[in-house]
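Q: below are the sequence and a predicted model for it; my questions follow.
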Amino acid sequence: MKRVVFAFALVPLGLVLASTSFASDPAVPVITSLSATGATRNLRFDQYPGAQAYTIFSATNPAGPYLPNTNFFQAPYITSYTTNIITNTPTLVTNFAYEWRLTNVTASAGFYRVGITPLSSNAVLAGHVLNRLAYGPTPDELERVNAIGPQAYINEQLAFDGIADTLDNNYVIQTTNSVPADATTNWTQINITGTMAASPLYLFTTAPGEIYVDDLDLRPSFYYQQIVTNVVNGTNVYVTNRVFSSVSTSNILANGAFETGLSPWLTAGGASGTFLDNTKAHSGTNSLHVVSTTGASSSGSSYVRQTFPTTYGTSNSWGMTVTNTYNTSDAATLSYWYLPGADSSKLRVQLGSSINSSPGGLPPTPTWVYATATGTANANSRIYIYLSGVGDAYVDDVKLVAGSVPEVGANLVANGNFESALAGTWTSSADFANSALSLTTAHSGGSSLHLVATSAGSGNNDSVQQTLSPALTNGGTYTVSYW
């Protein structure tokens with residue numbers, strides 16, 4: 001696991017003070033696709049690195065309770081087809097991926113979450129060791145080994161840059177973000193696959209609230225008519241079959257981007273106050289500002305809706321132009337964008353009994369970890385911030401004080417709260433050149449250091465660093481703290 005590493009050194013090879021905190025664990029998997037086909041539900045999500053097991057939790061309403069659903073199982077689905085030439089003969093190869101599937105569903109609606117059981121730290125460590133034994137060090141590590149020799153490299157890894165390995169570390173976890181979310185930039189998209197169960201498409205809320213929606217898009221599957229001629233008792237009998245043709249290349253909802261007034265969308269009941277809002281939009285200049293004074297588990301008489309055509313032009317195998325009607329079993333994909341907010345999870349977007357979608361609420365507030373370390377300094381003052389591997393992390397409120405009590409005394413680090421530009425106080429080496437101030441995430445104030453590493457750091461000239469002035473006292477006791 002990558003670590004955020006702090007160090008300040010007083011001579012290039014002398015004793016230095018450091019503290020380490022583990023970078024945040026990967027985020028819990030988020031369901032990226034939920035499709036419903038008849039009585040079957042299919043879930044897809046990005047795999048969690050180092051997962052030992054997954055658990056699918058389900059509930060009948062968003063508030064829960066979410067209970068483990070052991071009826072889900074892994075099942076393959078087709079991602080694509082590849083044609084391979086084997087001994088001059090084309091061979092069609094089917095490519096698969098895996099999803100979680102639940103069959104024999106009788107409930108009209110369901111809500112799902114994913115939980116993971118990570119591998120133990122010992123198992124992960126064993127995997128890393130075996131990987132390093134198999135593949136060896138990275139190219140930049142080889143360059144370092146060639147420069148200083150194997151034993152010196154080992155010694156450096158055991159006590160990098162002379163940093164003492166026995167430190168008093170204390171950690172406090174705090175969930176906060178002092179930077180308000182930018183309501184114009186965190187639009188979230190939902191895609192859901194179902195069937196063309198019925199027209200119209202409804203938007204309604206389960207409780208009073210206000211939600212922003214934009215770019216509603218419905219794309220059904222098209223079919224053409226295949227005519228088969230059978231001869232029965234000397235007479236031609238024509239049978240027409242519906243055969244899949246393609247997925248619609250255009251949105252069958254009119255004005256799904258809400259750029260040409262509200263029509264043909266209709267509002268009714270408690271949702272009559274819904275209007276077009278030009279202060280927030282995912283694309284274009286407008287979004288649909290859903291304002292609802294009521295709530296229900298179905299559309300009832302309070303809704304925003306659009307009735308769309310239930311027929312479309314196609315052809316048959318004789319080349320004739322014909323009109324088809326959507327079957328309730330025809331596949332369709334609905335997508336839309338919403339602005340996460342206090343009321344966004346109250347919205348329902350529904351097409352018959354097949355497609356029933358609900359967006360999420362506000363994203364979780366980031367968790368900050370408070371770390372301190374006390375040590376003894378010697379002769380040449382620098383403080384280093386770096387990661388022990390490729391990745392990124394956020395750092396804020398760095399403080400270095402004389403003595404053994406964190407934050408008691410004058411802070412010896414300039415711009416440790418990262419409220420000013422990095423230039424003039426902090427410098428970055430090549431591996432950390434992408435590090436910059438973050439204006440969206442902070443423990444306090446309006447910004448933090450977004451530490452970005454393209455390779456593992458190692459202190460001097462391989463970090464984000466600062467030369468401390470005035471210099472520290474050789475042999476003095478100092479304490480560093482940071483979030």
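A: Yep, that arrived. In this text the structure is predicted, and so the values were computed from the model without any measurement. Numbers count the residues shown, from 1 in each chain.
Q: quick one: list the elements packing against the top strand by length along the chain.
A: In the chain, assigned by DSSP state E, the strand with the most residues is strand 209-232. Packing partners of strand 209-232 (3 or more C-beta pairs under 8 Å, 6 or more residues apart in numbering; DSSP states H and E): strand 201-205, strand 235-247, strand 287-292, strand 311-315, strand 321-325, strand 331-338, strand 347-351. Every C-beta, even on glycine, is put in place using the N, C-alpha and C of the backbone.
Q: what segments of this protein are helices?
A: Counting by DSSP state H, the chain has helices at residues 121-135, 139-148, 150-158.
Q: show me the shaky parts of the stretch 251-400 of the chain.
A: 361-366 (pLDDT under 70).
Q: domain parsing for this protein?
A: 3-25+162-179+366-482, 31-121, 188-357 (automatic domain parsing).
Q: got the end-to-end distance for the last one?
A: In terms of C-alpha to C-alpha, to the nearest Å, the two terminal residues of domain 188-357 are separated by 13 Å.
Q: chain center to that domain: distance?
A: 26 Å (C-alpha atoms, centre = their mean, to the nearest Å).
Q: which of the domains of the chain sits closest to Gly149?
A: The minimum distance between Gly149 and the domains of the chain falls on domain 3-25+162-179+366-482, with 15.1 Å, by C-beta to C-beta.
Q: can you list the low-confidence ranges for the stretch 1-150 of the chain?
A: In the stretch 1-150 of the chain (pLDDT under 70), the answer is 1-25, 81-93, 124-146, 150.
Q: one more time with 80, if that's ok
A: 1-28, 49-50, 77-97, 107-109, 119-150 (pLDDT under 80).
Q: what is the neighbour count of Thr106?
A: 5 (other C-beta atoms under 10 Å).
Q: Asn327 versus that one, what's the distance?
A: Separation of Thr106 from Asn327 (C-beta to C-beta, to the nearest Å): 22 Å.
Q: just Ala410 next, same as before
A: For Ala410 relative to Asn327 (C-beta to C-beta), the value is 75 Å.
Q: state the mean pLDDT of stretch 448-460.
A: The pLDDT scores in stretch 448-460 average 89.
Q: list the buried residues in that stretch.
A: 448-453, 455-460 (16 or more other C-beta atoms under 10 Å).
Q: inside strands: which ones of the residues you listed?
A: 448-453.
Q: count of neighbours near the closest residue to Ala53 other than its chain neighbours?
A: Using C-beta to C-beta, 6 or more residues apart in numbering and skipping residues adjacent in sequence, the residue nearest Ala53 is Thr117, 4.3 Å away. Close neighbours of Thr117, defined as other C-beta under 10 Å, add up to 11.
Q: got the contact list for Thr117?
A: Applying C-beta atoms under 8 Å, 6 or more residues apart in numbering, we find Thr117 in contact with 51-55.
Q: how about 10 Å then?
A: 48, 51-55 (C-beta atoms under 10 Å, 6 or more residues apart in numbering).
Q: list buried members of these by neighbour count.
A: 48, 54.
Q: name the nearest of the contacts of Thr117 relative to Ser404.
A: Nearest to Ser404 out of the contacts of Thr117 is Tyr48 (C-beta to C-beta; 39.6 Å).
Q: so that closest one sits against Thr55, correct?
A: No - contact criterion C-beta atoms under 10 Å: Tyr48 and Thr55 do not qualify, at 11.5 Å.
Q: overlap in contacts of the two?
A: 114-117.
Q: of those, closest to Ile227?
A: Nearest to Ile227 among the shared contacts of Tyr48 and Thr55, with distances taken as C-beta to C-beta, is Val114, at 46.6 Å.
Q: now do the closest one against Asn71, distance only.
A: Computed as C-beta to C-beta, the Val114 to Asn71 distance reads 15 Å.
Q: just Tyr394 next, same as before
A: 40 Å.
Q: out of the two, which sits in the more crowded spot?
A: Ranked by neighbour count (other C-beta under 10 Å), Tyr394 and Asn71 place Tyr394 first, with 22 against 13.
Q: right, and the more buried one touches Leu439 too?
A: No - the pair Tyr394 / Leu439 is not scored as a contact, 11.6 Å apart, by C-beta under 10 Å.
Q: need the residues touching each of those two.
A: 447-448, 450.
Q: next, format these as a markdown table and append distance to Gln465.
A: Below are the shared contacts of Tyr394 and Leu439 laid out as a markdown table (distance: C-beta to C-beta, whole Å):
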| residue | distance to Gln465 |
| --- | --- |
| Ser447 | 19 |
| Ser448 | 17 |
| His450 | 16 |
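Q: just those now: which is nearest Ala377?
A: Ser448 (25.8 Å).
Q: who is that closest one paired with across the strands?
A: Counting by DSSP bridges, Ser448 is bridged to Ser438.
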